[in-house]
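K.L.:
Quick one, fold the following:
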Amino acid sequence: MMIPEFKIRSIAGVRKLRSTLRTGCASFRQSESGAMSYVAIAGAMILMVFGGAGIDMISTELKRNKIQSTLDRAVLAAADLEQVLDPEDVVTDYMDKMNLGDALNDVRVDHGLNYKRVTADASVTTPTNFMSLIGIENMQAKGAAQAEEKIAKVEISMVLDISGSMAENNKLRNLRSAADTFVDTVLNDNTKDLISISLVPYSEQVNAGPLITEQMNVDWKHGYSHCLEFPDSQFNSTVLNTSMTYEQMQHFQWNYSGSNDRTDTVCPRYNYERIAPFSQNATALKNQIAQFQPRAGTSIFMGMKWGTALLDPSTRGIATGLINSGSMDAEFSGRPVNYDDTETLKTVVLMTDGQHDRSFRIQDWAYNSSSEVAQWERYNLWYYLARYVRSSSHSSFYTQKYNANLGDSLLDNICDAAKEKGIVIWSIGFEVSDHGADVMKNCASSASHFFRVEGTEIEDAFYSIARAINQLRLTQ
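P.N.:
Numbers count the residues shown, from 1 in each chain. Predicted coordinates for the structure are as follows:
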């Protein structure tokens, strides 16, 4: 409202001005004509600025996400120890293919004997469309990523099923190839003196071999093989009690062959069936794997007991003895390390193609003299019984030591004991039944640590486990 201009010349004039101002202000307060148009326009302008600012920020955030996800993938690929290309070239190529080449600021590479670390950062500046109205002319989208593949010190027990059923469907051939792949992946120039593998072949028993058992207290009955019997209570712990005296496993063959076959003994008897402890000799390990032959039944729990024992500090004295005899690399002195050693990973790779079944022993009365021990080296048990013992007396010669339920229970116990100690358990069910798969899955550290495979898929499983052991990880 326009206020008239007055020339004040008297008291009466002043009074007249006051009266006019009061009337004008009252009229302004009462008038509604056009009063909200200014508020609406101002509010719309504010909403437009803030709404536009949101659009600018969303656009910038989308660009930041694109930069970050591309950097993450790029540094992971560049940090791979098997990556032969220059790390900076790998990162640059990833960014270029996403039209972000100009955004890349820096790539830094740090590598040593057992690791490679790649760090990269990128940023892009974009002009704003709306925020410029409030003085913000541009915004930056930034990203940074770091990836490291590190092969730390690792103790591995590779527990492999060589039972009789491995003769079927080319399973043993596929296992040999898969195990070779595993060995070649975890043992190379970058892992020298860092990774040790204890190879534990098992069937119905485990042949620990003379190098290990000669350092233990054993009630020796014969010199044909080197399997030991464990009390059921020993499967509640990963410890190998080196103060107790172990019973030597009987040496005999249990099957119903009509011939006097003695090559398929319950305790494996040949050199290539023995445990190969604490090795980093890839050639020797693969040569042993190449000689595997299927035989006897399946005692997964027995293989797992030995596999965990060779990761337990209780066997450090055995390892020291192996070093002193020249049977183990001196660089592995002090292994197995304590469980709280943060620089060392302990892991078991447990594989089977079946499930637990019954396992028998000869009655003590028929195996308590040197002549009787020698007899069962000369004769297949069932060949002898069929020819020299009346059928009604056959059952008096043997007793059942294990059945499927007990085997499952003992495996559960030793797997639980290992997991409580922080041992990482990978398990592979190779052409197994649903029950066998459930047992192996329950043993694994988690569902993602279990593989159920058929045919040549076993090689993919072993390779995946080997790569996981190498610990490729995104660290930032």
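K.L.:
Ends of stretch 232-248, what's the gap?
P.N.:
Terminal residues of stretch 232-248 lie 15 Å apart, using CA to CA, to the nearest Å.
K.L.:
Can you name the residues in contact with that stretch?
P.N.:
The contact list for stretch 232-248 (CB atoms under 8 Å, 6 or more residues apart in numbering) reads 215-222, 226-230, 301, 305, 308-309, 311-312, 314-315, 317-318, 406, 410-411, 413-414, 417-418, 421, 423. C-beta: built from backbone N, CA, C; applies to glycine.
K.L.:
List the buried residues in that stretch.
P.N.:
By neighbour count on 16 or more other CB atoms under 10 Å, the buried set for stretch 232-248 is 234-235, 237-238, 240-241, 246, 248.
K.L.:
again, but for stretch 333-340
P.N.:
Neighbour-count burial for stretch 333-340 [16+ other CB under 10 Å]: 335-337.
K.L.:
I'd like to know which of the residues you listed is nearest to residue 436.
P.N.:
Distance to residue 436 across the buried residues of stretch 333-340 (CB to CB) is lowest for residue 336, with 29.0 Å.
K.L.:
Quick one: residues contacting that closest one.
P.N.:
Contacts of residue 336 (CB under 8 Å, 6+ apart): 155, 310-313, 315-316, 319, 346.
K.L.:
That one and residue 401: what is the separation?
P.N.:
Using CB to CB, to the nearest Å, residue 336 is found at 29 Å from residue 401.
K.L.:
for residue 250, same thing?
P.N.:
Counting by CB to CB, the gap from residue 250 to residue 401 is 10 Å.
K.L.:
one step back: format the contacts of residue 336 as a markdown table; extra columns: neighbour count.
P.N.:
As requested, those are arranged in a markdown table below (neighbours: other CB atoms under 10 Å):
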| residue | neighbour count |
| --- | --- |
| 155 | 23 |
| 310 | 31 |
| 311 | 25 |
| 312 | 21 |
| 313 | 18 |
| 315 | 27 |
| 316 | 16 |
| 319 | 24 |
| 346 | 25 |
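K.L.:
from those residues, which ones fall inside helices?
P.N.:
Using DSSP state H, the subset of the contacts of residue 336 located in helices is 316, 319.
K.L.:
Could you tell me how many residues sit around the closest residue to residue 272 other than its chain neighbours?
P.N.:
Computed as CB to CB, 6 or more residues apart in numbering, the closest residue to residue 272 that is not its neighbour in sequence is residue 291, at 3.8 Å. As a burial measure, residue 291 scores 12 neighbours (other CB atoms under 10 Å).
K.L.:
Look up phi and psi at residue 291.
P.N.:
phi -90, psi 0 (degrees, to the nearest 10).
K.L.:
any idea how far residue 388 is from it?
P.N.:
Distance, residue 291 to residue 388, using CB to CB: 34 Å.
K.L.:
wouldn't residue 350 be in contact with residue 303 here?
P.N.:
Yes. With contacts counted by CB atoms under 8 Å, residue 350 reaches residue 303, the gap being 7.2 Å.
K.L.:
what is in contact with these two at once?
P.N.:
Residues touching both residue 350 and residue 303 by CB under 8 Å, 6+ apart: residue 159.
K.L.:
Break this protein into its domains for me.
P.N.:
39-149, 153-474 (automatic domain parsing).
K.L.:
what's the most buried one of these?
P.N.:
domain 153-474 (a mean of 19; mean count of other CB atoms under 10 Å).
K.L.:
helix, strand or coil for the residue nearest to residue 452 when sequence neighbours are not counted?
P.N.:
Take residue 452 and drop its neighbours on the chain: the residue closest to it by CB to CB, 6+ apart is residue 429, 4.6 Å away. With DSSP: H, G, I helix; E, B strand; the rest coil as the basis, residue 429 sits in strand.
K.L.:
For the stretch 351-476 of the chain, give me the ranges with low pLDDT.
P.N.:
For the stretch 351-476 of the chain, the stretches flagged by pLDDT under 70 are 471-476.
K.L.:
For it, just list every one of the helices.
P.N.:
370-378, 381-388, 404-420, 434-443, 457-469 (DSSP state H, counting those that start in this stretch).
K.L.:
Dump whichever helix or strand residue 177 is part of to CSV, keeping only the CA atoms.
P.N.:
Per DSSP states H and E: residue 177 is located in helix 171-186. The C-alpha trace of helix 171-186 is given here as CSV (Å, rounded to 0.1, in the frame of the first residue of the first chain):
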residue,chain,number,x,y,z
LYS,A,171,36.0,-92.6,-9.0
LEU,A,172,39.6,-93.3,-8.1
ARG,A,173,40.9,-91.8,-11.3
ASN,A,174,38.8,-88.7,-10.7
LEU,A,175,40.1,-88.5,-7.2
ARG,A,176,43.7,-88.7,-8.3
SER,A,177,43.2,-85.9,-10.8
ALA,A,178,41.4,-83.7,-8.2
ALA,A,179,43.9,-84.3,-5.5
ASP,A,180,46.8,-83.5,-7.9
THR,A,181,45.0,-80.2,-8.7
PHE,A,182,44.7,-79.4,-5.0
VAL,A,183,48.4,-80.1,-4.3
ASP,A,184,49.5,-78.0,-7.3
THR,A,185,47.3,-75.1,-6.3
VAL,A,186,48.3,-74.8,-2.6
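K.L.:
Which residues outside that helix are in contact with it?
P.N.:
Contacts of helix 171-186 (CB under 8 Å, 6+ apart): 154, 156, 158, 160-162, 165-166, 195, 197, 282, 285-286, 289-290, 292-294, 349, 351, 353, 430-431, 455-456, 458-459, 461-463, 465-467, 469-470.
K.L.:
Also stretch 284-292?
P.N.:
Under the contact criterion CB under 8 Å, 6+ apart, stretch 284-292 has outside partners 160, 162, 166, 172, 175-176, 179-180, 183-184, 187, 197, 199, 201, 270, 272-273, 276, 279.
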